[in-house]
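**Q** coordinates only, sequence not included:
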Ligand SMILES: Nc1ncnc2c1ncn2[C@@H]1O[C@H](COP(=O)(O)OP(=O)(O)OP(=O)(O)O)[C@@H](O)[C@H]1O
């Protein structure tokens, strides 16, 4: 394959299940429906979404493990979705490492090169280089069972990169690791990606992982792309309610639209007066998304313009901040993560900046 491609083009990549590939019978379910994007060489792309949204299907289609039902995949002008996996030559890293237990680390890493008929001396040099990159050279003669989970995952990464693939595909590679190792390996993966300068496609259901690793994030739901954007774009400006929910906009209030233009919308409900940003054209009611950490608790007796009055139900202490579970006057649960004190039973007022109040059509509430 061409290690020097400029663009990986996913052209309406579609995969249906429930019947033979390449048919369009109605009973089939599109696990992946029209994935369309260009990925530039060197980009780190995260496919993000809840379980069953089609992330692994997308990765497997690109790897060549699943035939497409529709669309095409191109490396520059070369169509590759008709090629078997070994001819695409992509590196793959899976959740379960898939190492050979009876082979040493070095032999595991060198196996792909051996299969390709690479001369022994070259295998040795390249295995050493790959193990240096994942910082495991001193463990090269151990068996996988003698390594920690994080080390085994690094062997799997070394095995993927040793073939110098144009594209590295990773499917939830950190989900078997404990929280601390996951954080460490996250930094490792980003460092390795930077040092190699290759293109990485990374599947995860973990927002933090996607936000911290990726140059661009593809948010998916029910087989369809919901938004493609940089981490700040997806985090700060979710394009619809489903993305907002998935990106941690835990609060959703259904409010009356009092006035609106393209830039701002005035919203009201019992004990609530807010100005926010309309993300789409709104009708009479809006679903308003706000992150818990965007609120602050107002001083006693104050009544600032962008605020909500609500009763405290419970408080979880998180050190510097607390998570306040509130109940609005129309009985909606409100999560507020803020500094300050308030006790269950008290009625308090919480304020939020207008540009952190995102209003979507209430019709999007499923
Ligand atoms: N071989 C198959 N036959 C039938 N349906 C399938 C098959 N593989 C996947 N699906 C369905 O396609 C949809 C997408 O599955 P996929 O594994 O791509 O999701 P995912 O986002 O990777 O989920 P997870 O995070 O749980 O792995 C799901 O509804 C799944 O049940």
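**A** Nice, thanks for sending it over. Predicted model, so just to flag it, every value in this text is computed and none were measured.

**Q** give me the residue from the stretch 101-250 of the chain nearest the ligand.
**A** At 5.1 Å from the ligand, residue 205 is the closest residue in the stretch 101-250 of the chain, using C-beta to the nearest ligand atom. No exception for glycine: its C-beta is placed from N, CA and C like everyone else's.

**Q** Now do the contacts for that residue.
**A** Residues near residue 205 by C-beta atoms under 8 Å, 6 or more residues apart in numbering: 48-51, 55, 172.

**Q** Buried ones from those, can you make that a PyMOL selection?
**A** A single PyMOL command is used to select the members of the contacts of residue 205 judged buried by 16 or more other C-beta atoms under 10 Å:
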select buried, resi 48+49+55+172
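
**Q** farthest pair in the contacts of residue 205?
**A** The span of the contacts of residue 205, defined through C-beta to C-beta, is set by 50 and 172 at 12.7 Å.

**Q** secondary structure element for residue 208?
**A** Here residue 208, judged by DSSP states H and E, is contained in helix 207-213.

**Q** what does residue 280 give?
**A** Going by DSSP H and E, residue 280 is not in any helix or strand.

**Q** Going forward, the N-terminal residue is numbered 45.
**A** In the new count, where the first residue is 45, that last one comes out as residue 324.

**Q** Return the distance of it relative to residue 404.
**A** Separation of residue 324 from residue 404 (C-beta to C-beta, to the nearest Å): 6 Å.

**Q** which residues do the two both contact?
**A** Contact with both residue 324 and residue 404 is made by residues residue 284, according to C-beta under 8 Å, 6+ apart.

**Q** Looking at the two, which one has more neighbours?
**A** Taking neighbours as other C-beta atoms under 10 Å, residue 324 and residue 404 compare with residue 404 leading, 25 against 13.

**Q** in stretch 249-258, what counts as buried?
**A** Those would be 249-251, 253-255, 257-258, for stretch 249-258 by 16+ other C-beta under 10 Å.

**Q** what's across from residue 396 in the sheet?
**A** residue 339 (DSSP bridges).

**Q** isn't it right next to residue 341, touching?
**A** No. Using C-beta atoms under 8 Å, residue 396 is not in contact with residue 341, being 11.0 Å away.

**Q** between the two, which one's more packed in?
**A** A count of neighbours by other C-beta under 10 Å puts residue 396 above the other of residue 396 and residue 341, at 22 against 18.

**Q** Can you give me the distance of that one to residue 321?
**A** Here the criterion is C-beta to C-beta. By it, residue 396 lies 12 Å from residue 321.

**Q** quick one on the thing from earlier: just send the buried residues of stretch 249-258 back as JSON lines, with pLDDT too.
**A** Conversion of these to JSON lines gives the following (pLDDT from 0 to 100):
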{"residue": "249", "pLDDT": "93"}
{"residue": "250", "pLDDT": "93"}
{"residue": "251", "pLDDT": "93"}
{"residue": "253", "pLDDT": "94"}
{"residue": "254", "pLDDT": "95"}
{"residue": "255", "pLDDT": "95"}
{"residue": "257", "pLDDT": "95"}
{"residue": "258", "pLDDT": "97"}
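
**Q** quick revisit: among the contacts of residue 249, which are in helices?
**A** Counting by DSSP state H, the part of those found in helices is residue 99.

**Q** The contacts of residue 249: which ones sit near the ligand?
**A** Contacts with the ligand within the contacts of residue 249, counted by C-beta under 6 Å from any ligand atom: 93, 95, 99.

**Q** how about the second one, what does it touch?
**A** Residues in contact with residue 95 (C-beta under 8 Å, 6+ apart) are residue 249.

**Q** so residue 247 touches residue 100, yeah?
**A** Yes. If you go by C-beta under 8 Å, residue 247 and residue 100 touch, sitting 6.1 Å apart.

**Q** Which of those two has more residues huddled nearby?
**A** Set residue 247 next to residue 100 and count neighbours by other C-beta under 10 Å: residue 247 wins out with 27 against 20.

**Q** Could you confirm the more buried one falls within a strand?
**A** Yes. Judged by DSSP: H, G, I helix; E, B strand; the rest coil, residue 247 forms part of a strand.

**Q** any idea how far it is from residue 48?
**A** Residue 247 sits 25 Å away from residue 48, going by C-beta to C-beta.

**Q** Nearest residue to the middle of this structure?
**A** Nearest residue to the geometric centre of the chain (C-alpha atoms, centre = their mean): residue 92, 3.0 Å.

**Q** residue contacts, the closest residue to that residue other than its chain neighbours?
**A** Counting by C-beta to C-beta, 6 or more residues apart in numbering, residue 92 lies nearest to residue 254, which is 4.3 Å off, once chain neighbours are set aside. Residue 254 makes contacts with 90, 92, 246, 248, 261, 275, as judged by C-beta under 8 Å, 6+ apart.
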